[in-house]
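Engineer: Model the structure of this input:
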Amino acid sequence: MKKVLLFSAAMLALSSCSNTDVLEEGNIQQTNAIGFQTLVNKESRALTNTSFKKFWVSGTYHKASQDANKVIVFDGVNVLKGNTEQGTSTGWGYSGTRYWIDGAIYNFYAYSCYNEPLTTYGRANLDETSKALNIAEFICDDHHQHDLVFAKATDIAGKATGNEAVKFSFKHILSKLNVTFVNEYPADYELTISDVKVSNVRNKGKFLGESEEWNKADVVRYPEITSTPVVSLNLKNATDGSITLKNTADVNESTGSTDWGYVIPFAYESSNVDIIFTLQVKNPLGDPIINKKIKGNWQPDWKPGYSYAYTVKLTGGESGLDPIIFGVNDWTEGDGWTAGAAPTITFSPVAGN
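Structural biologist: Model (predicted):
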C-alpha cells in the first residue's frame with residue numbers, strides 16, 4: 001500500500017494555574033487596569049477568530065532583580081470575549097480587575113481547550129519553581145479530541161500609566177492529521193472504506209510553558225500495555241463514518257477524506273504507528289470481491305501546530321487482489337509454422353515451343 005505524506009502548517013493555544021499565596025500588590029494604580037488582547041492564526045480550523053471565545057490566564061510579577069520571588073496575580077482566571085469590565089477596547093475582559101504596578105516585571109500565560117478549561121483530561125498548573133505554566137497529564141485520544149492552544153507574554157515592565165493591553169498570540173500545540181483515499185481501480189469498481197484508525201499512538205503528555213515544548217519523557221501511551229499497545233484514534237468521515245468511491249460515467253468520486261484528528265506531537269523512533277482500515281470492493285457487476293482489513297505502518301515526526309494530510313492510493317494489487325493477466329508462450333522453431341508435405345513439382349518442355 002502506497003502512502004504519500006503531504007504536510008501543511010497550522011497554529012493556535014493553551015494555559016492554567018495552581019493555588020499560591022498572593023503577596024501584597026503595593027501601590028495599585030486604580031485607573032490602570034491590566035487588560036488582554038488576542039491574535040489567533042487565520043489558518044486555525046477548530047478555533048478561529050470567530051469561534052474563539054474563552055481562555056484561562058495565569059500570571060506573576062516580581063520586582064526588579066527579584067525574579068526568584070514571583071507573586072501570583074492571575075490564578076487561572078477566565079477571560080471572555082465581549083467582557084469589557086476593565087474598560088478596554090480589546091473586546092476581552094475578566095472579573096476581579098487587577099492593576100499594573102510601576103516597575104514590576106510581569107509574566108503571563110494563557111490557554112484554551114476549545115473554549116473549555118482543563119479538568120478531566122489534564123491539569124494546568126504553575127511550576128513551583130519557575131512559576132511558568134505547565135499542562136500535565138494531558139490526554140488526547142478517542143475520548144478527548146479538542147484543539148489545544150497556548151500563548152505567553154513575558155518580561156513586560158509595568159508602568160505607572162500608559163500600559164498597553166497584554167497581547168497574546170495563540171498557537172496550536174497539538175498536531176492534527178487526516179487521511180485521503182485515492183481510487184486507482186479501473187472504471188466501474190466501487191470502493192467503501194470504513195473503520196479508519198491510527199493505531200499505537202502516544203496519547204498522554206506534559207507541555208512545558210517555559211520552553212513551549214512537549215516533554216519527550218512524559219509523552220507516553222496510556223494505559224501502558226507492554227505486550228500489544230493498542231491506543232488508537234478513529235478517523236471518521238463527516239457523514240456516516242465510511243467513504244464510498246465510485247468511478248462511472250455518471251459518478252466520479254476518485255478521492256475521499258476522513259475528518260481531522262488531534263494527536264500529541266512526538267518524533268517516533270521506529271515505524272510502529274499503523275494506519276488500519278476496512279476495504280470493501282465491488283466489481284462492475286456489483287459482486288463483492290474484497291472485504292478485508294488493510295494495515296500500513298510508518299514513522300511519524302509530528303510537530304506542534306502542523307497538520308498532516310496523508311494520502312493512501314488504492315489499487316487492486318495493493319489491496320490484495322490477484323489480477324487476471326495474460327502472457328504469450330514463445331513459438332517453436334519456424335515461429336509457430338508447421339512444415340507440411342510439399343512434393344517436388346517438375347516441368348517438361350511443351351511440344352512446338
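
Engineer: that's a strand at I290, yeah?
Structural biologist: Yes. When the secondary structure is assigned by DSSP: H, G, I helix; E, B strand; the rest coil, I290 falls within a strand.

Engineer: Look up which residues are beta-bridged to it.
Structural biologist: I290 forms beta bridges with V281, as assigned by DSSP bridges.

Engineer: That one - how many residues pack around it?
Structural biologist: 18 (other Cβ atoms under 10 Å). Quick note: C-beta positions are derived from backbone N, CA and C, even for glycine.

Engineer: Q145 now?
Structural biologist: By other Cβ under 10 Å, the residues close to Q145 number 18.

Engineer: That one and Y106: what is the separation?
Structural biologist: Here Q145 is placed at a distance of 34 Å from Y106 (Cβ to Cβ, to the nearest Å).

Engineer: does the residue nearest to I294 when sequence neighbours are not counted belong to a helix or a strand, and which?
Structural biologist: Nearest non-adjacent residue to I294, counting by Cβ to Cβ, 6 or more residues apart in numbering: L279, 5.3 Å away. With secondary structure defined by DSSP states H and E, L279 is part of strand 273-282.

Engineer: Let me see the mean pLDDT of stretch 287-305.
Structural biologist: Taken as a whole, stretch 287-305 has a mean pLDDT of 92.

Engineer: Below-threshold pLDDT in the stretch 1-150 of the chain: ranges please.
Structural biologist: 1-31, 39-46, 84-89 (pLDDT under 70).

Engineer: can you give me the strands in it?
Structural biologist: Taking DSSP state E, counting those that start in this stretch to define them, one finds strands in the stretch 1-150 of the chain at 2-9, 36-40, 54-62, 71-81, 92-93, 105-113, 123-126, 133-139, 148-157.

Engineer: So which of those strands is nearest N297?
Structural biologist: strand 2-9 (9.3 Å; Cβ to Cβ).

Engineer: host element of the residue nearest the centre of the chain?
Structural biologist: Note on the chain: the residue nearest the mean C-alpha position is K176, at 0.6 Å, using Cα atoms, centre = their mean. K176 belongs to strand 175-183 when assigned by DSSP H and E.

Engineer: any idea how far G340 is from N329?
Structural biologist: Distance from G340 to N329, by Cβ to Cβ: 22 Å.

Engineer: before we move on, what about Y185?
Structural biologist: Separation of Y185 from N329 (Cβ to Cβ) stands at 30 Å.

Engineer: more crowded one of those two?
Structural biologist: More neighbours surround Y185 than the other of Y185 and N329, with 19 against 6 (other Cβ under 10 Å).

Engineer: any idea how this protein splits into domains?
Structural biologist: 9-174, 176-205+218-319 (automatic domain parsing).
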